[in-house]
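> my questions are about this predicted structure, shown below with the sequence.
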Amino acid sequence: MLHGFPPIESPSSTALILGTGPSVRSALKQQYYGHERNAFWPIMRDLLGGEIEHYEQKWELLLSHDIALWDVLSAFERKGSADSAYTTVIPNDFTQFFQGHPAIQRVLFNGKKAQAFYMRLVGYLPESCEFLCMPSTSPAYTLSFEEKRELWAKGLGLQQVSFKKHSPDKNR
C-alpha cells in the first residue's frame with residue numbers, strides 16, 4: 001500500500017487544491033507534483049508570482065496566498081502513475097480537515113480523477129465551499145500550458161492576472 005503526503009496548509013487557508021495521490025516520481029522525491037514535466041508549480045509561479053527553485057519556496061508560495069494542497073487519497077495501490085491504474089483506494093479525512101479549516105471557500109480538483117474519487121469516496125460538500133474541477137496539470141493531459149494556466153487563473157479567482165514571461169525551465 002502506498003501512502004500520500006500530509007497536507008500543505010495553514011489555519012487561514014481559503015482555498016484547497018486536491019490531487020489524487022503522488023505519482024511514482026513525486027513519491028520518490030517526497031514532493032507534491034515532483035515530476036519535472038508537471039505544470040502545477042510553473043502555473044502557480046506564474047499566477048502567484050514567486051520563486052519555485054526549492055521545495056520550501058513552493059510551499060511558501062501557496063501558504064502566502066492562503067492556498068492549501070492535499071490529495072484525495074490517503075493510501076492506495078496502483079501500478080505506475082496513470083490515473084487508470086488505481087486498484088485499492090482509501091480517502092483522507094476531509095470532514096476533520098474542513099472542521100479545522102473553516103475559512104476554506106473554494107476547492108479545486110486537479111483533474112477529473114481527483115474529483116471522481118472525492119465524490120465517490122468522500123462526498124462531503126460543505127455549503128460554504130465552491131467545488132471546481134480544473135484541468136489536470138499532468139503532462140499526460142494534452143491541453144497547452146497556456147490554456148491550463150488561464151483556466152487555473154479563473155478557478156483561483158485571478159482573472160486579471162498579467163503573466164510574467166519566463167524562459168523555459170526544467171520545472172515545466
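That came through, no problem.

> drop to CA atoms for contacts and neighbour counts, all remaining ones
Noted.

> distance between the ends of stretch 109-127?
The first and last residues of stretch 109-127 sit 17 Å apart, counting by CA to CA, to the nearest Å.

> longest helix in the chain, please.
helix 145-155 (DSSP state H).

> can you pull the buried residues of it?
Phe145, Lys148, Arg149, Glu150, Trp152, Ala153, Gly155 (16 or more other CA atoms under 10 Å).

> out of those residues, who's nearest Leu16?
Using CA to CA, Gly155 is the member of these that lies nearest Leu16, at 11.3 Å.

> the closest one: what's it in contact with?
Residues near Gly155 by CA atoms under 8 Å, 6 or more residues apart in numbering: Leu108, Leu132, Met134.

> same check, this time on Ala27
Gly34 are the contacts of Ala27 under CA under 8 Å, 6+ apart.

> for it, give me phi and psi.
phi -60, psi -40 (degrees, to the nearest 10).

> how close does it sit to Gly49?
26 Å.

> what of His3?
Counting by CA to CA, the gap from His3 to Gly49 is 31 Å.

> got it, and Glu150?
15 Å.

> hmm, Arg149 and Pro135 touching each other?
No - with contacts counted by CA atoms under 8 Å, Pro135 stays clear of Arg149, the gap being 9.2 Å.

> circling back: inside strands: which ones of the contacts of Gly155?
Among the contacts of Gly155, the ones falling in strands (DSSP state E) are Leu108, Leu132, Met134.

> which strand residues bridge the first one?
When bridges are taken as DSSP bridges, the partners of Leu108 come out as Ile17, Leu132.

> spatially nearest residue to Pro91, not counting backbone neighbours?
Counting by CA to CA, 6 or more residues apart in numbering, the nearest residue to Pro91 once its immediate chain neighbours are dropped is Leu73, at 4.2 Å.

> tell me the pLDDT of the one you found.
Leu73 is assigned a predicted lDDT (pLDDT) of 97.

> do the same with Leu158
87.

> could you do the one 10 residues further on as well?
For Pro168, the pLDDT comes out at 45.

> swap in Trp59?
So, for Trp59, pLDDT stands at 96.

> look up the closest residue to it, ignoring the ones flanking it.
Nearest to Trp59 is Ile8, by CA to CA, 6+ apart, at 6.8 Å.

> neighbours of that neighbour, how many?
17 (other CA atoms under 10 Å).
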